[in-house]
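Enquirer: Coordinates for the following, if possible.
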Amino acid sequence: MNEFILKIFSDQSLIYALLASFLACIASSTIGSYVVIKKISSITGSISHSILGGIGIILYLNYKYNLSYNPIWGAFIFAFLAALILGFMHIKYRQKEDAIIAAIWSTGMGIGVIFISYLPTPSADFIHFLFGDIFSLTKTSLYTLSIFDILILGSIFLFYKKFLLISLDEESAKLQKININIFYFFLLTLISLSIVVLVQMVGIVLLIAILTIPPSIANIFKKKLSSVMLLSLFLSLLFFILGIFISYKSFLPSGAVIAIICSIFYLLVIILKKKTLTS
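Expert: Okay, the predicted model is just below:
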């Protein structure tokens, strides 16, 4: 443990990993809290997996035309498009929402796999985005995460009550003449930003666990949304730091370790809560 603490001040990859964790936890704890209370985890999962299409296209264009575009922008474009489509379909065809979610999910991943198949060898970037690697982040990654965090926090600060109303009580929101559709689209856009923030660290496969499990645990103990967000931030940081420590010492994939820690804590909380209620 002492060696790990000393490394924090000398190992640049570890420093960047810890800073990125803090930035990612800000985004995931705030937006994840809305995802949990509005019960739209399946929509979030669909958006997160659809971004593989944008990543695959950028990687293919980079290879085919000798370009150097960052695949993260392809991820953001696909996440934003998926959010718009899902938002529109949710409003117009709510009774068929499950099928639409599955279609967006599989289509995005299918497009990504097709474009990746044109590459001569499996791309390291592709593996990175699929499973995440928190130790490979650069200073540019931290700047990008910071910008996205500012956008997310600024939006939450300005429209906190409106997002809360459309998440908990749409009828009250209508009575207060809040345009539910616009703010629902806006919330999905912020979810898209959060997904792009997290995907570099934990990957597409494990992202949904990081975004939803800490707020779900926090929601068990706290009912006020702001309290859920704060407790979720603390839990997310705890899970990330533990995951970074274990993966750094054991050379295990960081995203997988963090996701497993989240799941273990969630199961323990559920078991302990059940025992408390039955005793």
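Enquirer: The closest residue in space to residue 135 that isn't next to it in sequence sits in which helix or strand?
Expert: Closest residue to residue 135 apart from its sequence neighbours, by CB to CB, 6 or more residues apart in numbering: residue 13 at 4.7 Å. Backbone N, C-alpha and C define where each C-beta goes, glycine included. Counting by DSSP states H and E, the element that carries residue 13 is helix 12-38.
Enquirer: that older thread, can you pull the contacts of the residue nearest to residue 135?
Expert: With contact taken as CB atoms under 8 Å, 6 or more residues apart in numbering, residue 13 is in contact with 135, 136, 137.
Enquirer: Kindly provide the distance from it to residue 70.
Expert: 19 Å (CB to CB, to the nearest Å).
Enquirer: Residue 139 too?
Expert: Counting by CB to CB, the gap from residue 139 to residue 70 is 13 Å.
Enquirer: residues in contact with residue 144?
Expert: Contacts of residue 144 by CB under 8 Å, 6+ apart are residue 72.
Enquirer: Next, the angle helix 12-38 makes with whichever helix or strand it is part of.
Expert: Using DSSP H and E, residue 144 sits within helix 139-168. Put simply, helix 139-168 runs at 10 degrees to helix 12-38, going by axes from the mean of the first three to the mean of the last three CA atoms, to 10 degrees.
Enquirer: Show the subsequent helix or strand relative to helix 139-168.
Expert: Counting by DSSP H and E, what follows helix 139-168 is helix 170-175.
Enquirer: mean confidence for that next one?
Expert: For helix 170-175, mean pLDDT is 86.
Enquirer: got the buried residues for that helix?
Expert: Buried positions in helix 170-175, judged by neighbour count with 16 or more other CB atoms under 10 Å: residue 173.
Enquirer: pLDDT (mean, whole number) over the helix or strand that comes right after that helix?
Expert: As assigned by DSSP H and E, the chain's next helix or strand after helix 170-175 is helix 180-221. On average, the pLDDT along helix 180-221 is 90.
Enquirer: Identify the residues contacting residue 174.
Expert: residue 180 are the contacts of residue 174 under CB under 8 Å, 6+ apart.
Enquirer: Next one: it from residue 165, what distance?
Expert: Distance from residue 174 to residue 165, by CB to CB: 9 Å.
Enquirer: Repeat that for residue 184.
Expert: Distance from residue 184 to residue 165, by CB to CB: 11 Å.
Enquirer: of residue 139 and residue 70, who's got more company?
Expert: In this view residue 139 and residue 70 are compared by other CB atoms under 10 Å, and residue 70 has more residues nearby, 14 against 10.
Enquirer: Skipping adjacent residues, who's closest to that one in space?
Expert: Nearest residue to residue 70, sequence neighbours excluded (CB to CB, 6+ apart): residue 58, at 7.5 Å.
Enquirer: still on that earlier bit, run the angle between the helix holding residue 13 and helix 180-221 for me.
Expert: Angle of helix 12-38 versus helix 180-221, following the same axes, to 10 degrees, is 110 degrees.
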